[in-house]
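Trainee: quick check, what structure comes out for this input:
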Amino acid sequence: MFKFETQIQELKYKVLKEVSRFAFEDLLLENLTDIPKNIVPGRTPTMRCCVYKERAILSDRVKLAIGGDRNIDNIIEVIDSACDECPVGGYEVTAACRGCLAHRCAEDCPKDAIHFDEHQKAIIDKSKCIECGRCSKVCPYSAITNYKRPCENSCKIKAITMGEDKEALIDNEKCIACGACISQCPFGAIMDKSYLLNVIDFIRKSEGNRKYRLHAIIAPSAAGQFPGVSMGILFSAIKKAGFYDVSEVALGADMVAYKEAGELIEKGVLLSSCCPAFVKYVRSEFPKLASSISENLSPAAELAKRIKETDPDSKVVFIGPCTAKKEEFSPYGSEYLYVDSVLTFEELKAIIDSRDIDMDSLEPDESFSEASYYGRVFARSGGLVEAVRQGLKELDQDFDLKAVSCNGIEECRNVLTRVMAGTLDVNFIEGMACVGGCVGGAGCITRSPANRVFVDRFGKESSKKTLKQP
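Mentor: Below is the predicted model:
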């Protein structure tokens, strides 16, 4: 039996599966309000204070599962009803306070926000505190600490703050949709919007792929996401769910790496364009470096473009671990022309299970075009650099590659800051917003360190030795 990593993940899956099941049966509208009660029956609460609150939160999850707030362009949304259990946060006095005589904390506070109890222990008045941290810096016992909520702590670009009602608040202009906050919130109060209904609509309206062909393109990070299931079996399951064909996005990665190698030779300095969260971060926080971003499409868009060139009336759905891809391929994104919709691995599992597809009974589909090792290892940090190095080799160019792989947005910021300061001699930057690369994406079913091993193993299974397409 499949085991989810957290109860939050399982709840999200149950909502997605129920929405998917009713949508395929064309019964969603009349059953929409019953989904929370189907998931939490009876009167005994299992997660919150009462079943009514549990169902209210599930109702909000259902809204996001069917597309979320259309007035908010951001893919990531806060579920306000679920965001109510975290401490206020900010600077707090711990038990390490000795009630000393110096009172440096109070003396240094610019807002007179610190007073003392009968034992001379410091107390911070949160109505006056401006979270400047001066008290913490001068305390000789380090007794004042800066507590941050898990969501704030996970957001390395500081796009999450606390709202007036103490709920998490996302700065939609600043957010890069990486989804790190989704997996880090212990109460599951942050979730990505789903395009599930959009994809199911494509499946149903294709009438068994007779009206148009529905192509699935799946990211190489799928390796290991469905324990005990080979990629061939997974491809069979996707086809059985209603897709005409399944292709490896790693094929697009082969094409992109080859093109980026040529672009690097031409420009001399290049930033990768494969990770949409990284690209958005560079354009927002390091605009002077934006001109160095590769002009090539992302691997998914590159592959989708090739499919549409040969099958113009088709629909293409990207399946992967990335919430930022939903923004990249939304009607507001630059590559919407090629990819028609997006599913995460979590959503794919919900579709497969809602259709009662038994993967154990399927024969593996071995008809897909094989990508190279280099295209497949794009899915983990360092893979893109390996692929570009291979591209330079195939182009037979004597180019001195000085590459750096940025593993997570913090490393991206550090490297970009050094490049701006002129203290880092580098000519190619691989930027991955998620720690570990795509294998650590917010839409993954499992986020184990073993994901990297599965991707490498999948890469080594390839018999294709070059990036260049035949």
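Trainee: what segments of the stretch 201-350 of the chain are helices?
Mentor: 231-240, 249-267, 276-285, 299-310, 324-328, 345-354 (DSSP state H, counting those that start in this stretch).
Trainee: out of those helices, which is closest to M420?
Mentor: helix 276-285 (10.1 Å; C-beta to C-beta). For every residue, glycine as well, the C-beta is placed using N, CA and C.
Trainee: output the contacting helices and strands for the closest one.
Mentor: If contacts are counted by 3 or more C-beta pairs under 8 Å, 6 or more residues apart in numbering; DSSP states H and E, helix 276-285 sits against helix 324-328, helix 409-421, strand 428-432.
Trainee: switch to 10 Å and redo it
Mentor: Contacts defined by 3 or more C-beta pairs under 10 Å, 6 or more residues apart in numbering; DSSP states H and E place helix 276-285 against strand 270-271, helix 324-328, helix 409-421, strand 428-432.
Trainee: how big is the angle separating that helix from strand 428-432?
Mentor: For helix 276-285 against strand 428-432, the angle by axes from the mean of the first three to the mean of the last three C-alpha atoms, to 10 degrees is 110 degrees.
Trainee: related to what we said a few turns ago, so which of the helices of the stretch 201-350 of the chain is the most packed in?
Mentor: helix 324-328 (a mean of 27; mean count of other C-beta atoms under 10 Å).
Trainee: check contacts around G437.
Mentor: 221, 274-275, 321, 377-384, 405-408, 430, 451-452, 455 (C-beta atoms under 10 Å, 6 or more residues apart in numbering).
Trainee: now the helices and strands packed on helix 276-285 as TSV including distance to C129 and mean pLDDT?
Mentor: Output for the helices and strands packed on helix 276-285, formatted as TSV (distance: least, C-beta to C-beta, whole Å; pLDDT from 0 to 100):
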stretch	distance to C129	mean pLDDT
strand 270-271	40	98
helix 324-328	35	92
helix 409-421	27	97
strand 428-432	36	98
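Trainee: nearest to Y147, of the ones you listed?
Mentor: For the helices and strands packed on helix 276-285, proximity to Y147 was assessed by C-beta to C-beta; helix 409-421 is nearest, at 19.8 Å.
Trainee: now that closest one - C-alpha only, CSV.
Mentor: What follows is helix 409-421, C-alpha atoms only, in CSV (Å, rounded to 0.1, in the frame of the first residue of the first chain):
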residue,chain,number,x,y,z
ILE,A,409,17.6,29.7,-4.2
GLU,A,410,20.0,30.6,-1.4
GLU,A,411,23.0,29.4,-3.4
CYS,A,412,21.6,31.2,-6.4
ARG,A,413,21.5,34.4,-4.4
ASN,A,414,25.0,34.0,-3.1
VAL,A,415,26.5,33.2,-6.5
LEU,A,416,24.6,36.0,-8.3
THR,A,417,25.7,38.5,-5.6
ARG,A,418,29.3,37.5,-6.1
VAL,A,419,29.0,37.8,-9.9
MET,A,420,27.5,41.3,-9.5
ALA,A,421,30.4,42.2,-7.2
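Trainee: what's that helix packed up against?
Mentor: By 3+ C-beta pairs under 10 Å, 6+ apart, helix 409-421 packs against strand 270-271, helix 276-285, strand 403-407, strand 428-432.
Trainee: now do 7 Å
Mentor: Contact partners of helix 409-421 among helices and strands, from 3 or more C-beta pairs under 7 Å, 6 or more residues apart in numbering; DSSP states H and E: helix 276-285, strand 403-407.
Trainee: ok, residues contacting it?
Mentor: Residues from elsewhere that reach helix 409-421 (C-beta atoms under 7 Å, 6 or more residues apart in numbering): 156-157, 178, 278, 281-282, 286, 288-289, 404, 406, 424, 426, 429, 431, 433.
Trainee: before we move on, what about stretch 86-101?
Mentor: 119-124, 126, 129, 131, 133, 135-136, 141-149, 162, 166.
Trainee: may I see the buried residues of that stretch?
Mentor: Buried residues in stretch 86-101, counting neighbours by 16 or more other C-beta atoms under 10 Å, are found at 86, 89-93, 97.
Trainee: between the residues you listed, which is nearest I203?
Mentor: C86 (39.1 Å).
Trainee: wasn't the closest one part of a helix?
Mentor: No - C86 is assigned coil when assessed by DSSP: H, G, I helix; E, B strand; the rest coil, not a helix.
Trainee: measure it to K121 for me?
Mentor: Per C-beta to C-beta, to the nearest Å, C86 is found 24 Å from K121.
Trainee: same check on E263?
Mentor: If you go by C-beta to C-beta, the gap between E263 and K121 works out to 62 Å.
Trainee: could you do S272 as well?
Mentor: Taken as C-beta to C-beta, the span from S272 to K121 is 52 Å.
Trainee: now A237
Mentor: 60 Å.
Trainee: for the lowest-mean-pLDDT helix or strand in the chain, buried residues please.
Mentor: Every helix and strand of the chain was ranked by mean pLDDT, DSSP states H and E. The lowest is strand 160-162, at a mean of 88. Going by neighbour count (16+ other C-beta under 10 Å), the buried part of strand 160-162 is 160, 162.
Trainee: perfect, that will be all.
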